[in-house]
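A.B. asks: just the structure for this:
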Amino acid sequence: MHHDVLIIGSGSGNSVINDSFADLSVGIVEERRAGGTCLNFGCIPSKMLVYAADVHDTVGAADRYDVDAELGGLRWADLRDRVFTQTDARSDEGRKGREDSENVTFYSGHAEFTGPRAIRVRDVDGNVTEVTADQIVLANGGRPEVPPVVADSGLPYETSDTVMRIDDAPRHLAILGGGYIAAELAHVFAAAGSRITIIEKSDRLLGGPQDDELRRTYTDLVRDQYDLRLGAKLTALDGEPGALRITLDDGSTIEADVLLVAAGRRPNSDRLELDKAGVDVRDDGRVVVDEFGRTTADGVFALGDVCTPIPLKHVANREAEVVSHNLLHPDQMREFDHDLVPSAVFTDPQMASVGLTEQKCRDSHPDYLVGRKDYGETAYGWALRDDSGFCKVLVDGDSHRILGAHVLGPQAATLIQIFVVAMKFGIRADDLAHQPFWIHPALTEVVENALLSVKEAA
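C.D. replies: Here you go, the predicted structure:
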């Protein structure tokens, strides 16, 4: 079978194909459920679970707001079934829509290159289909990284791909890793009644784009909720299913019925036989692409977690838009844009960031200014009775342009978007503070007041 365009991966890769491709023969290969990681194993189901955990915790704290309420608990199986009934239906609908398209062929199976712009698709029954294409897009994402000490133990473990579909919430969930996946799923399973232990090699939770103040504050906030084993590494896993014994490098042990491995993710480039296609990869496994999404092989593009330096769904979606255009307009190509990518952690409390952290400002902009305001110093913060949230903005001392912003507290992922827009369009911090009206007493006043408080860093 030959196609004009072949997409490997049906997550963000699926959105490459729009009405502009109606006159072309298109193939889509998917090894797992249609829709990719985000819809089936990642950000969408996890955020649906997180919202239920938020509701659980709000009811549990009702007395704080002078409301009498009785918390009966979170019905894990019912919640899981509701979430995945909806996401599975969307996955099935998406696949059927592609299968019913006159110009699209949907291949279910694992893809490997056999030569330049030639692949072999092997389905679950071992049947093989040989496919070639004029242009190919690699969009087959990534997967959880599992340390050898866990993988080689012979004992069961969960990852973010599997843990959200388990039948029962664990009595004691041990989580290896302290990043955003660990933080979000710890929040979910704590609400479901699990005791949580987090094993993290750093001395603080989270990392990546998070400002040190956010990391420190969040770590301190959850010390009383979770058993934190910071600055620790897992050295052995033994015991038996349902009764695991986890040994750390300090000699201490943890007994848990379930281990969740959330120690990072890796690109799926090693599953494609890329050497046969002439596609180069970086030392960390990411496919090498140029600013237009082109790999080192003629006619082969890549997008999303298999190649991007910022493995976030909104980045993959934007890259898909670029690749979609470039496939059809080789003489007017658009470039990838990885500037000012915001990120958020949907735990309790929420966190969101964009731009430089304060630690990076100290090195690159020594004259930077800081504006900071606690939620509790605003009227809506009084309503929330929030005593830990804050908004911080970092500003260039000369130009007064916003260098970065960081929010911890309710609706942080929404509030950060104000800074994303201002930074993208070059709006000065003082102009943003004084020119638009800010609704009173909305939560957005914490952003306004942080901007008004900008002054020289201590």
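
A.B. asks: would you mark the buried spots in the helix or strand harbouring Leu451?
C.D. replies: For Leu451, the host element (DSSP states H and E) is helix 445-452. In terms of neighbour count (16 or more other CB atoms under 10 Å), helix 445-452 has its buried residues at 445-451. C-beta here means a position set from N, CA and C on the backbone, and glycine is covered the same way.

A.B. asks: need those in JSON lines with distance to Pro349, can you?
C.D. replies: As requested, the buried residues of helix 445-452 are exported to JSON lines (distance: CB to CB, whole Å):
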{"residue": "Glu445", "distance to Pro349": "18"}
{"residue": "Val446", "distance to Pro349": "13"}
{"residue": "Val447", "distance to Pro349": "16"}
{"residue": "Glu448", "distance to Pro349": "20"}
{"residue": "Asn449", "distance to Pro349": "18"}
{"residue": "Ala450", "distance to Pro349": "16"}
{"residue": "Leu451", "distance to Pro349": "21"}
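
A.B. asks: closest one to Ala22 out of the residues you listed, please.
C.D. replies: Closest to Ala22 out of these is Val447 (43.7 Å), distances taken as CB to CB.

A.B. asks: tell me how far that closest one lies from Ser46.
C.D. replies: Per CB to CB, to the nearest Å, Val447 is found 26 Å from Ser46.

A.B. asks: swap in Val315?
C.D. replies: Distance from Val315 to Ser46, by CB to CB: 17 Å.

A.B. asks: kindly report the same for Val29.
C.D. replies: Relative to Ser46, Val29 is positioned 25 Å away (CB to CB).

A.B. asks: on that earlier part again, downstream neighbour of the helix holding Leu451 in the secondary structure list?
C.D. replies: By DSSP H and E, the next helix or strand past helix 445-452 is strand 455-456.

A.B. asks: which elements pack onto that following strand?
C.D. replies: Using 3 or more CB pairs under 8 Å, 6 or more residues apart in numbering; DSSP states H and E, the elements in contact with strand 455-456 are strand 369-374.

A.B. asks: try it again at 6 Å.
C.D. replies: Judged by 3 or more CB pairs under 6 Å, 6 or more residues apart in numbering; DSSP states H and E, strand 455-456 has no packing partners among the helices and strands.

A.B. asks: that one: partners in the sheet, and parallel or antiparallel?
C.D. replies: Applying DSSP bridges, strand 455-456 is found paired with strand 369-374 (antiparallel).

A.B. asks: got the contact list for the strand it pairs with?
C.D. replies: 390-393, 395, 397, 446, 449-451, 453-454, 456-457 (CB atoms under 6 Å, 6 or more residues apart in numbering).

A.B. asks: among those, name the buried ones.
C.D. replies: For the contacts of strand 369-374, a burial check counting by 16+ other CB under 10 Å picks out 390-393, 395, 446, 449-451, 453-454.

A.B. asks: hang on, Thr253 packs against Thr247?
C.D. replies: Yes - contact criterion CB atoms under 6 Å: Thr253 and Thr247 qualify, at 5.2 Å.

A.B. asks: between those two, point out the one with more neighbours.
C.D. replies: Taking other CB atoms under 10 Å, Thr253 and Thr247 do not tie; Thr247 has more neighbours (16 against 11).

A.B. asks: show me what secondary structure element comes after the helix or strand containing that one.
C.D. replies: Here Thr247 sits within strand 243-248, counting by DSSP H and E. Under the assignment DSSP H and E, the closest C-terminal helix or strand after strand 243-248 is strand 253-256.

A.B. asks: any idea of the mean pLDDT in that next one?
C.D. replies: In this model, strand 253-256 has an average pLDDT of 98.

A.B. asks: same question for stretch 22-37.
C.D. replies: 97.

A.B. asks: got the contact list for that stretch?
C.D. replies: Contacts of stretch 22-37 (CB under 6 Å, 6+ apart): 3-8, 10-11, 17, 40, 91, 94-95, 98, 103-107, 110-111, 121, 131, 141.

A.B. asks: for Pro267, give me its contacts.
C.D. replies: Going by CB under 6 Å, 6+ apart, Pro267 touches 142, 285-286, 306.

A.B. asks: can you give me the helices for the chain?
C.D. replies: With helices called from DSSP state H, the chain shows them at 36-40, 43-60, 76-99, 148-151, 180-191, 212-222, 313-328, 358-364, 379-384, 412-424, 429-434, 445-452.

A.B. asks: list the buried residues of the shortest one.
C.D. replies: It refers to helix 148-151. So helix 148-151, judged by 16+ other CB under 10 Å, has buried residues Val150.

A.B. asks: so how far is that helix off the chain centroid?
C.D. replies: Centroid separation for helix 148-151 versus its chain: 24 Å, with CA atoms, centre = their mean, to the nearest Å.

A.B. asks: any idea how the protein splits into domains?
C.D. replies: Using automatic domain parsing, the domains assigned to the chain come out as 2-142+266-328, 148-263, 349-456.

A.B. asks: let's check: the centremost residue of this structure is which one?
C.D. replies: Computing the C-alpha centroid of the chain and ranking residues by CA atoms, centre = their mean puts Leu312 first, at 5.0 Å.

A.B. asks: pull up the gap between it and Asp363, please.
C.D. replies: Relative to Asp363, Leu312 is positioned 24 Å away (CB to CB).

A.B. asks: where does pLDDT dip in the stretch 151-300 of the chain?
C.D. replies: In the prediction, the stretch 151-300 of the chain carries no residues with pLDDT under 70.

A.B. asks: strands along that one, start to end?
C.D. replies: Taking DSSP state E, counting those that start in this stretch, the strands of the stretch 151-300 of the chain run over residues 172-176, 195-200, 227-230, 234-240, 243-248, 253-256, 258-261, 265-267, 300-302.

A.B. asks: hmm, who's touching stretch 274-283?
C.D. replies: So stretch 274-283 is contacted by 113, 115-116, 269, 287-288, 295-297, 300 (CB under 6 Å, 6+ apart).

A.B. asks: over to stretch 203-217?
C.D. replies: Stretch 203-217 is touched from outside by 178, 218-219, 230-231, 343, 351, 353, 357-359, 406, 408, with contacts defined as CB under 6 Å, 6+ apart.

A.B. asks: that older thread, which of the domains of the chain sits closest to Asp339?
C.D. replies: For Asp339, the closest of these is domain 349-456, at 8.2 Å, according to CB to CB.

A.B. asks: and the closest one, average pLDDT?
C.D. replies: Per-residue scores along domain 349-456 average to 97.

A.B. asks: how long is that domain end to end?
C.D. replies: End-to-end span of domain 349-456 (CA to CA, to the nearest Å): 28 Å.

A.B. asks: can you check stretch 21-41 too?
C.D. replies: End-to-end distance for stretch 21-41: 28 Å, by CA to CA.

A.B. asks: centre of the chain to it, how far?
C.D. replies: The chain centre lies 20 Å from the centre of stretch 21-41; the measure is CA atoms, centre = their mean.
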